[in-house]
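Undergrad: Kindly return the folded structure for what I paste below:
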Amino acid sequence: MGTEENAIEMLVALGGVIQARRKRMGYTQESLADAADLHRTFVGAIERGERNVTFKNLVAGAEALRIPISTLIGIAEAELSARKSS
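TA: I've put the predicted structure just below:
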């Protein structure tokens with residue numbers, strides 16, 4: 001699998017982690033967007049893995065979700081690895 005496909009898979013996994021964290025915290029997409037100073041539709045696109053998130057937006061989202069960026073990425077990598085090995 002090429003770099004592009006790996007990046008897309010990682011974006012989808014990261015979006016899923018962000019969505020799960022948001023729901024666990026009781027946020028709607030709109031309330032997370034407000035807390036991170038992002039647009040609601042952009043948050044939805046991130047959660048679906050449709051948008052390539054900039055580092056600035058990832059920082060804003062992680063802060064709003066009260067989780068280190070390294071933890072978000074680490075969880076996404078672990079989930080992606082588990083999917084690939086099953």
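Undergrad: Mind pulling up the pLDDT for residue 50?
TA: pLDDT recorded at residue 50 is 96.
Undergrad: how about it, what does it touch?
TA: Each residue near residue 50 by CB atoms under 8 Å, 6 or more residues apart in numbering is listed here: 11, 15. Every residue, glycine included, has its C-beta placed from N, CA and C.
Undergrad: secondary structure class for it?
TA: For residue 50, the assignment made with DSSP: H, G, I helix; E, B strand; the rest coil gives coil.
Undergrad: Can you tell me the SS state at residue 53?
TA: For residue 53, the reduced secondary structure class is coil; criterion used: three-state DSSP.
Undergrad: Tell me the backbone dihedrals of it, please.
TA: Note on residue 53: its backbone torsions stand at phi -80, psi 130 [degrees, to the nearest 10].
Undergrad: Burial check on it, number of neighbours?
TA: Summarising burial for residue 53: neighbours were counted as other CB atoms under 10 Å, giving 19.
Undergrad: Residue 86 versus that one, what's the distance?
TA: With distances taken as CB to CB, to the nearest Å, residue 53 is found 26 Å from residue 86.
Undergrad: do the same with residue 62
TA: In this view, residue 62 and residue 86 are 27 Å apart by CB to CB.
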